[in-house]
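Peer 1: when you get a sec, could you give me coordinates for this:
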Amino acid sequence: MAGPFASADDIDWSVVSSPANDPLLWAGNTAPYGQCTWWAYERRVQLGLPIGSTFGNGRDWANTARARGYSVSNTPTVGAVIVFQPGQAGADGTYGHVGIVESIDAAGNVTISESNVAGLGAISFRTFSAAQASLFQYVH
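Peer 2: Got it, this is the predicted structure:
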């Protein structure tokens, strides 16, 4: 299934808060600018899938979401938050990491967007094979 965009050029940056525009554009975003959790919140709002912003560090998102009634599974869907446990696929060994599922191709390969891998506030992309993708938890 196709994703919402193919590259960072397709993101509507006018609705992504940053110090350059309005840091309170999405007033509920309590995550520090540029962190992975900041991006997960911002991108979900942009996709029309708002999510709470007080979910903790990346490693905490699946458990917090489950406790708040969100669906959490090992099955990726476009727009879901992918949760990395500490050290998983290069995630920080203490805090973990989160990103957003942007597309899933016919073979089940999952492409995500994420912040703070290529630098604070830098949005980057990675693709995981279907087998790799099944090892993560997803907040829907």
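Peer 1: middle-most residue in the chain, spatially?
Peer 2: residue 99 (2.4 Å; C-alpha atoms, centre = their mean).
Peer 1: could you find the closest non-adjacent residue to that one?
Peer 2: The shortest distance from residue 99 to any non-neighbouring residue, by C-beta to C-beta, 6 or more residues apart in numbering, is to residue 114 (3.5 Å). All C-beta atoms are positioned from the backbone trio N, CA, C, and that covers glycine.
Peer 1: am I right that that neighbour is in contact with residue 101?
Peer 2: No. Residue 114 lies out of contact with residue 101 (C-beta atoms under 8 Å); the separation is 10.5 Å.
Peer 1: circling back to that earlier point, how far away is the residue nearest to residue 99 from residue 134?
Peer 2: Residue 114 is 18 Å from residue 134, where distance means C-beta to C-beta, to the nearest Å.
Peer 1: neighbour-wise, which of these two wins?
Peer 2: Taking neighbours as other C-beta atoms under 10 Å, residue 114 and residue 134 compare with residue 114 leading, 24 against 13.
Peer 1: can you pull out the strands in this protein?
Peer 2: Per DSSP state E, the chain carries strands over the ranges 72-73, 81-84, 97-104, 110-115, 123-128, 137-139.
Peer 1: kindly reformat those strands as a markdown table containing distance to residue 39 and mean pLDDT.
Peer 2: Shown next, in a markdown table, are these (distance: least, C-beta to C-beta, whole Å; pLDDT from 0 to 100):
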| stretch | distance to residue 39 | mean pLDDT |
| --- | --- | --- |
| strand 72-73 | 19 | 99 |
| strand 81-84 | 10 | 99 |
| strand 97-104 | 7 | 98 |
| strand 110-115 | 3 | 98 |
| strand 123-128 | 7 | 97 |
| strand 137-139 | 14 | 99 |
